[in-house]
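1. Quick one, what's the 3D model for this:
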Amino acid sequence: MSSLTQRITTDIKEAMKNKDQAALNVIRSLKSAIQLATIEKYGAGGELDEAESVAVIRKAIKQRQDSVASFEAGGRPELAAAEKAEIAVLEQYLPEELSEEEVLKLVEETISTLGATTRKEMGAVMKVLQERIAGRADNKIVSRFVGERLK
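-> Below you'll find the predicted structure:
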């Protein structure tokens with residue numbers, strides 16, 4: 001059992017003790033999403049690694065961000081606030097984000113290591129970077145930096 005899975009289980013128990021129903025619902029849904037992704041990828045006996053689990057968390061956050069935008073556009077600020085509270089709970093499970101400077105340094109190191117010079121090589125660079133970054137930075141930012149460096 002990974003440390004993230006253990007932490008989620010511990011946090012579920014803690015939310016139950018504290019009678020924090022909102023956090024409990026979010027954490028339970030996260031646990032279910034991770035279990036579903038695990039079964040889809042590895043079957044019932046498998047386990048996601050940390051990077052795969054972080055991807056599940058990021059997906060859940062993205063879904064809620066989309067909901068916030070929809071609720072705000074539809075004039076439902078109370079529902080948008082509830083989604084924002086759920087995002088705050090989910091963000092606690094993300095690893096510490098890399099700064100833009102750290103991401104830029106990794107991008108430049110990877111490009112020089114691979115000897116990439118053109119945009120055609122962007123896919124190979126991104127693949128290596130995703131392994132090195134392992135969910136600690138938004139892929140949109142990483143992609144933008146790589147695109148700026150490769151012509």
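2. Show me how the protein divides into domains.
-> With domains defined by automatic domain parsing, the chain comprises 3-91, 100-149.
3. How far off centre is the first one?
-> For domain 3-91, the gap between its own C-alpha mean and the chain's C-alpha mean amounts to 10 Å (CA atoms, centre = their mean, to the nearest Å).
4. Between the domains of the chain, which has the poorest mean confidence score?
-> Of all these, domain 100-149 carries the lowest average pLDDT, namely a mean of 89.
5. Grab the most central residue of the chain for me.
-> residue 58 (2.7 Å; CA atoms, centre = their mean).
6. so what's that one closest to, chain neighbours aside?
-> Among residues not flanking residue 58 along the chain, residue 135 sits closest, at 6.7 Å (CB to CB, 6 or more residues apart in numbering). For the C-beta atoms, the positions are set from N, CA and C on the backbone; glycine is no exception.
7. shouldn't the one you found be in contact with residue 48?
-> No: in this structure, residue 135 is not within contact of residue 48 by CB atoms under 8 Å, at 11.4 Å.
8. if we can go back for a sec, show me the contacts for the residue nearest to residue 58.
-> 50-51, 54-55, 58, 94-95 (CB atoms under 8 Å, 6 or more residues apart in numbering).
9. What distance do you get for the residue nearest to residue 90 when sequence neighbours are not counted to residue 97?
-> Once flanking residues are discounted, residue 90 sits nearest to residue 61: 5.1 Å by CB to CB, 6+ apart. Residue 61 is 12 Å from residue 97, where distance means CB to CB, to the nearest Å.
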